[in-house]
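>>> Pasting the sequence and the predicted coordinates here, then a few questions.
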Amino acid sequence: MKHVFVFDPKAFYNQQWKMDNILDGIGQFFRTQDRPDFSIQFSRYRRNAMAIIQEESEKATPGDIVRIYAIGGEEILFDCMNAVTHFPNMQIAAVPHGDSNDFLKVFGENKAELFKDIPALVQSDALPTDVIRWGVNYALNCCYIGMNSAISKRIKERKSKFNKGIFIVISKISSFISNILTAFDKQAARRQYKITIDDEDFSGHYSLIHVANSPFYNGKMTGAHDATPDDGILDIALIKAAHPLKTLRSMRRYLRGKKPKNCVFVQGKKISVQSDTPMWVQMDNEYIQDTNVNLSMIHHAIQVVATEGLSYPIASITAL
């Protein structure tokens, strides 16, 4: 097996010592192994990891498994995951050192810290895992359309203008203001969508469309708490448009793991969403604008390394 460690240096801003400790740990571990086959790479900009992984896979012995370790936050995990999808001889391990690592929460409370133990990851098995596909892009955790993605995009833009310490101080105020402004924005909170789920029509005015492969977002369980990343099913929540104050209550309830009364829940394998004007679409931590979104479930498209013998929760519906 070939082991490729891909670091996102931005995840270690002002913490070079932490990245140096990880690098030392990798070197010390592989010096104890017979015929170690590993490399260490640094992703300098978005999508750089994809080219790195392509080059590393070409260097591997034909037929060998290539295991990619995405070391950082959700951005590096997104890039690495998009590089390995559909390649049967490639696996991916998330090593959480970023601001958020929602996908790993599916393994249980406080289990994400276990994925920082690289020697344990190296010796662990991988689980067949579903991904959400939109054209040439893939999401591991979820896809949001509507109010939530618009808010998240605004907060992310503000975050890029401040250092981490200052942003933490203003983030709660910023989030509160963004929620209120977005709730009163008809284009974000009361947009009309043409929606088809597995050939069934669900068109209407909605505040939020959540397509989930895993139940967590922003560190918390969402209302899509039955979503499981290996069942071959998309868990879809459609929150109907309402008065702005009711919309804010519904959003708050949904993002705290509850199911609002004005929310339609559907399970399916594909969803098409269309709008007359561009929508903000959030795929994991990636933001894209488009008027036509066609998402589908790709069953067991990747192999995700699970440390300590962990496994996904039992799915509520078994894939057909």
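Sure, I can see it.
>>> all contacts plus neighbour counts: C-alpha atoms, from now on.
Will do.
>>> Could I get the full set of helices for this protein?
16-30, 48-59, 74-84, 118-122, 147-159, 164-183, 186-189, 244-254 (DSSP state H).
>>> quick one: residue 276 and residue 195, what's the gap?
With the distance defined as CA to CA, to the nearest Å, residue 276 ends up 12 Å from residue 195.
>>> Ends of stretch 90-106, what's the gap?
End to end - CA to CA - stretch 90-106 spans 22 Å.
>>> try stretch 302-311
Stretch 302-311 end-to-end distance (CA to CA) = 15 Å.
>>> mind checking how far it is from the chain centre?
Chain-centre distance of stretch 302-311: 16 Å, with CA atoms, centre = their mean, to the nearest Å.
>>> tell me the average confidence for that stretch?
Mean pLDDT, stretch 302-311: 96.
>>> how about it: buried residues?
302-307 (16 or more other CA atoms under 10 Å).
>>> just stretch 211-229 next, same as before
211-217, 221-229.
>>> ok, now stretch 128-146?
Here stretch 128-146 shows 128-133, 137-146 as buried, counting by 16+ other CA under 10 Å.
>>> how far is that stretch from where the chain is centred?
The answer for stretch 128-146 is 8 Å, by CA atoms, centre = their mean.
>>> Can you give me the end-to-end span of that stretch?
So stretch 128-146: terminal residues 30 Å apart, CA to CA.
>>> does residue 138 have beta-bridge partners, and which?
Beta-bridge pairing of residue 138 under DSSP bridges involves residue 133.
>>> picking up where we left off before, can you put the buried residues of stretch 302-311 in a markdown table and add distance to residue 4?
Shown next, in a markdown table, are the buried residues of stretch 302-311 (distance: CA to CA, whole Å):
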| residue | distance to residue 4 |
| --- | --- |
| 302 | 16 |
| 303 | 15 |
| 304 | 14 |
| 305 | 13 |
| 306 | 17 |
| 307 | 17 |
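>>> Quantify the burial of residue 102 by counting its neighbouring residues.
22 (other CA atoms under 10 Å).
>>> Any figure for the gap between it and residue 209?
Taken as CA to CA, the span from residue 102 to residue 209 is 18 Å.
>>> Same question for residue 203.
Distance from residue 203 to residue 209, by CA to CA: 12 Å.
>>> Low-confidence bits of the stretch 51-200 of the chain, can you list those?
148-189 (pLDDT under 70).
>>> Please spell out which residues along the lengthiest strand in the chain are buried.
The longest strand of the chain (DSSP state E) is strand 286-306. Buried residues in strand 286-306, defined by neighbour count with 16+ other CA under 10 Å: 286-287, 293, 295-306.
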